[in-house]
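3D model of this:
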Amino acid sequence: MANSEHIYAVPDEDELAQLVGAATPHFAMQAHQRIMKLVGALPADHPRQAELRAHLARLEHIAFDGEDGGETDIDLPTGPSLSV
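Below is the predicted model:
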């Protein structure tokens, strides 16, 4: 193992939720890369593979399609024009 490499344990569900839940479109692929390393370090039949792959899919969605924060309809009235 090179000096620049480090082996991390797979984060528990709460730690993963913090990592993925805070991802913005700008940083989603950085979190994606970290989780990909975890997926690659686990055996293919590891029970956490499905969970990690679901997080990867969500991060890809955020990175390429953006995040709407759950808002679909904005119920604010139209404001007056700011033109001078």
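
how about low-confidence regions in this structure?
In the predicted model, the chain carries pLDDT under 70 at residues 1-8, 68-74, 84.

again, only using 50
The model of the chain has pLDDT under 50 over residues 1.

can you point me to the longest helix in it?
helix 49-65 (DSSP state H).

pull the contacting residues for the residue nearest to residue 58 when sequence neighbours are not counted.
Spatial nearest neighbour of residue 58, chain neighbours left out: residue 20 (6.3 Å); criterion: CB to CB, 6 or more residues apart in numbering. The C-beta positions use only the backbone N, C-alpha and C, and glycine is treated the same way. Applying CB atoms under 8 Å, 6 or more residues apart in numbering to residue 20 gives the contacts 31, 35, 55, 58, 59.

returning to what we had before: pull the CA atoms of the longest helix of the chain into CSV?
Provided in CSV are the C-alpha atoms of helix 49-65 (Å, rounded to 0.1, in the frame of the first residue of the first chain):
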residue,chain,number,x,y,z
GLN,A,49,-23.6,-3.3,-1.4
ALA,A,50,-27.2,-2.5,-2.3
GLU,A,51,-27.4,0.4,0.2
LEU,A,52,-24.1,1.9,-1.1
ARG,A,53,-25.2,1.5,-4.8
ALA,A,54,-28.5,3.3,-4.0
HIS,A,55,-26.5,6.2,-2.5
LEU,A,56,-24.4,6.2,-5.7
ALA,A,57,-27.5,6.5,-7.9
ARG,A,58,-28.8,9.4,-5.8
LEU,A,59,-25.5,11.2,-6.0
GLU,A,60,-25.4,10.8,-9.8
HIS,A,61,-28.9,12.2,-10.0
ILE,A,62,-27.9,15.2,-7.9
ALA,A,63,-24.7,15.8,-9.9
PHE,A,64,-26.3,15.6,-13.3
ASP,A,65,-29.9,16.6,-12.7
